[in-house]
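Engineer: Pasting the sequence and the predicted coordinates here, then a few questions.
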Amino acid sequence: MKSFDYYQPTRIHFGCGRVGEVGQVVSQCGKRCLLVTVPPFDAMRPVFEKVKASLEAAGVAVAHFDGVIPNPTTDSVTAGARMAKKHKADVVLGVGGGSSMDTAKAIAVETTHKGTAWDYLYFKTQPTPKMLPVVAVTTTSGTGSQVTHAAVVTNPAERCKSAILNSLLHPRAAIVDPELMLTVPARITAATGFDVFTHAFESFLHPAASPYTDLLALEALRLVAEHLPVVVQDGADLASRTAMAWADTAAGLAIANAGVTLPHGVGMAISGMYPHVAHGEALALIYPAFTRYTCGTAVERFAIAGRILDPEAADASDEAAAETCCRAIDDLLKRIGLWAGLKDADVPEDELPDLTQASMVLPDYKNNPRVATPEEMQRLLEESYER
């Protein structure tokens with residue numbers, strides 16, 4: 001067995017109704033809280049009010065920053081940090097999907113450090129223990145941000161999406177309450193759910209994969225294959241929502257200790273250049289080409305995944321099961337309504353060379369079983385242009 005390390009400092013509170021404990025959980029980290037959310041809307045307004053009431057009952061003073069946007073920008077983070085400083089916040093609570101949780105983490109950095117969150121990207125100066133503690137309440141099954149050490153931020157002026165990556169960004173606590181996910185629309189359910197799949201699949205392929213992360217990744221793959229199509233069709237299915245919530249958490253734990261590969265660097269580039277494309281949708285655009293490109297260099301791992309995704313491949317050879325894996329991922333994308341190409345996402349064909357260059361900025365592609373050259377990366381994008 002290979003040697004490995006595993007680290008996870010986040011205390012996970014998982015289960016239906018656990019959001020009611022948020023005040024008690026946050027009060028263990030601070031007494032002046034910045035609540036970070038998207039602008040209130042009908043489905044989530046009662047949740048935000050319940051969270052604020054719980055905080056106040058626990059003796060926590062609350063300021064509510066509701067300026068989170070999809071693909072959070074440097075400007076939105078700065079606006080939140082400004083409110084945190086004014087409130088003298090000593091803890092940040094992100095309630096929502098990945099955008100809310102990532103914004104909360106970035107605010108926790110910017111509030112306590114010179115400059116902006118953009119100055120603390122993974123390849124720049126690193127945050128220090130001065131950063132505020134973060135608590136996360138996830139309302140989607142997607143990014144796994146509630147248990148990871150990453151915060152993804154977009155700089156619109158540079159058309160670039162990148163990440164702060166430091167163990168200090170692990171939330172102190174995460175509340176994962178499947179009841180909060182019952183009202184997520186089908187399109188968002190599909191996009192975030194496919195993100196769960198990619199986290200599991202790519203951490204399984206990653207060179208830093210270990211027996212520990214493999215357990216988590218394969219469990220997440222099994223759950224997504226069984227339950228994601230169900231919740232896309234019937235968002236009120238609490239059993240399948242609960243399964244997806246655990247899959248999201250397990251896959252997040254896997255990527256926090258292994259990592260992601262080629263599609264994530266491409267997906268980040270797509271959303272950075274074209275912010276209207278959600279992260280999970282960006283990954284779906286590239287996945288069919290990615291699986292065919294990679295399969296031959298990771299046959300055994302593709303075969304293991306293929307037998308999970310299609311039990312009829314149980315007795316097939318590794319080569320046949322690996323091919324089954326590629327087809328099964330295609331079928332999953334079709335079943336959840338994400339079978340599309342870059343053209344469908346309004347990506348200009350004449351910008352593919354620029355997108356190729358942007359796709360090779362993050363080092364994720366170097367962790368792929370097959371490492372792409374610039375020419376191969378452009379071919380992958382060209383193959384992904386039309387479905």
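Structural biologist: Good, I have the coordinates. Residues are numbered from 1 along each chain as shown.
Engineer: all contacts plus neighbour counts: C-alpha atoms, from now on.
Structural biologist: Fine.
Engineer: Quick check: phi and psi at Leu35.
Structural biologist: phi -90, psi 130 (degrees, to the nearest 10).
Engineer: Now do it, the pLDDT please.
Structural biologist: On pLDDT, Leu35 comes in at 98.
Engineer: bridging residues for it?
Structural biologist: Per DSSP bridges, the residues bridged to Leu35 are His64, Leu93.
Engineer: any idea how far it lies from Ala278?
Structural biologist: Here Leu35 is placed at a distance of 23 Å from Ala278 (CA to CA, to the nearest Å).
Engineer: the more surrounded of those two?
Structural biologist: Leu35 (25 against 21; other CA atoms under 10 Å).
Engineer: Surely the more buried one touches Gly67?
Structural biologist: No. Leu35 is beyond contact range of Gly67, at 10.6 Å (criterion: CA atoms under 8 Å).
Engineer: now the farthest one out in this structure, which residue is it?
Structural biologist: Distance from the C-alpha centroid of the chain peaks at Asp315, with 33.4 Å (CA atoms, centre = their mean).
Engineer: Please parse the chain into its domains.
Structural biologist: Domain assignment for the chain, taken from automatic domain parsing, gives 11-181, 186-383.
Engineer: Show me what the helix or strand harbouring Met244 is packed against.
Structural biologist: In the assignment (DSSP states H and E), Met244 maps to helix 238-257. Applying 3 or more CA pairs under 8 Å, 6 or more residues apart in numbering; DSSP states H and E, one finds that helix 238-257 contacts helix 186-205, helix 211-233.
Engineer: Pick the most deeply packed of those helices.
Structural biologist: Comparing these by mean neighbour count (mean count of other CA atoms under 10 Å), helix 186-205 ranks first with a mean of 26.
Engineer: Only alpha carbons, please: show it as PDB.
Structural biologist: The C-alpha coordinates for helix 186-205 follow below in PDB (Å, rounded to 0.1, in the frame of the first residue of the first chain):
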ATOM      1  CA  ALA A 186     -33.300  21.300 -11.800                       C
ATOM      2  CA  ARG A 187     -30.700  23.200 -13.800                       C
ATOM      3  CA  ILE A 188     -28.600  24.100 -10.800                       C
ATOM      4  CA  THR A 189     -29.100  20.700  -9.300                       C
ATOM      5  CA  ALA A 190     -27.700  19.200 -12.500                       C
ATOM      6  CA  ALA A 191     -24.700  21.500 -12.800                       C
ATOM      7  CA  THR A 192     -23.700  21.300  -9.100                       C
ATOM      8  CA  GLY A 193     -24.400  17.500  -9.100                       C
ATOM      9  CA  PHE A 194     -22.100  17.000 -12.100                       C
ATOM     10  CA  ASP A 195     -19.400  19.000 -10.200                       C
ATOM     11  CA  VAL A 196     -19.700  16.400  -7.500                       C
ATOM     12  CA  PHE A 197     -19.100  13.700 -10.100                       C
ATOM     13  CA  THR A 198     -16.000  15.400 -11.500                       C
ATOM     14  CA  HIS A 199     -14.500  15.900  -8.000                       C
ATOM     15  CA  ALA A 200     -14.900  12.200  -7.300                       C
ATOM     16  CA  PHE A 201     -13.700  11.000 -10.700                       C
ATOM     17  CA  GLU A 202     -10.700  13.400 -10.900                       C
ATOM     18  CA  SER A 203      -9.500  12.800  -7.400                       C
ATOM     19  CA  PHE A 204      -9.600   9.000  -8.200                       C
ATOM     20  CA  LEU A 205      -7.400   9.600 -11.300                       C
END
